[in-house]
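Peer 1: okay, here's the prediction I keep looking at, along with the sequence it came from:
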Amino acid sequence: MEFEDRYCTAVTCMDGIITLPVVNALREHFESGRVDMITEPGPVGILADHPDSLVAEQIYARLELSIDKHESCGVAVVAHAGCLGN
């Protein structure tokens, strides 16, 4: 698969301040041209502390879609300092 057609996936905070750094880092790390963004306020806390919650289930469903339909080559769960959702 060509670089520009390859997907990776980010599960990350909805805070726009981290969007471009996350996209740029993941494109380089996974050598992919496209990044599926799954965003929630405080996703790390949700997945760690409430893995069976409705919000976590929604994250898992979106992740499954990215992996199955876009054949995502890698997944990163991303946190940042000062996250209001955690």
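Peer 2: Yep, that arrived. Numbering: from 1, shown residues only.
Peer 1: surely residue 63 is in contact with residue 40?
Peer 2: No - applying CB atoms under 8 Å, one finds residue 63 not in contact with residue 40, separated by 11.6 Å. The C-beta positions use only the backbone N, C-alpha and C, and glycine is treated the same way.
Peer 1: quickly list what's touching both of those two.
Peer 2: Both residue 63 and residue 40 are in contact with residue 11, where contact means CB atoms under 8 Å, 6 or more residues apart in numbering.
Peer 1: quick one, helices of the chain?
Peer 2: Assigned by DSSP state H, the chain shows helices spanning 19-30, 43-49, 54-70.
Peer 1: list the helices and strands the longest one packs on?
Peer 2: The reference is to helix 54-70. Helices and strands touching helix 54-70, by 3 or more CB pairs under 8 Å, 6 or more residues apart in numbering; DSSP states H and E, are strand 7-12, strand 34-39, helix 43-49, strand 75-77.
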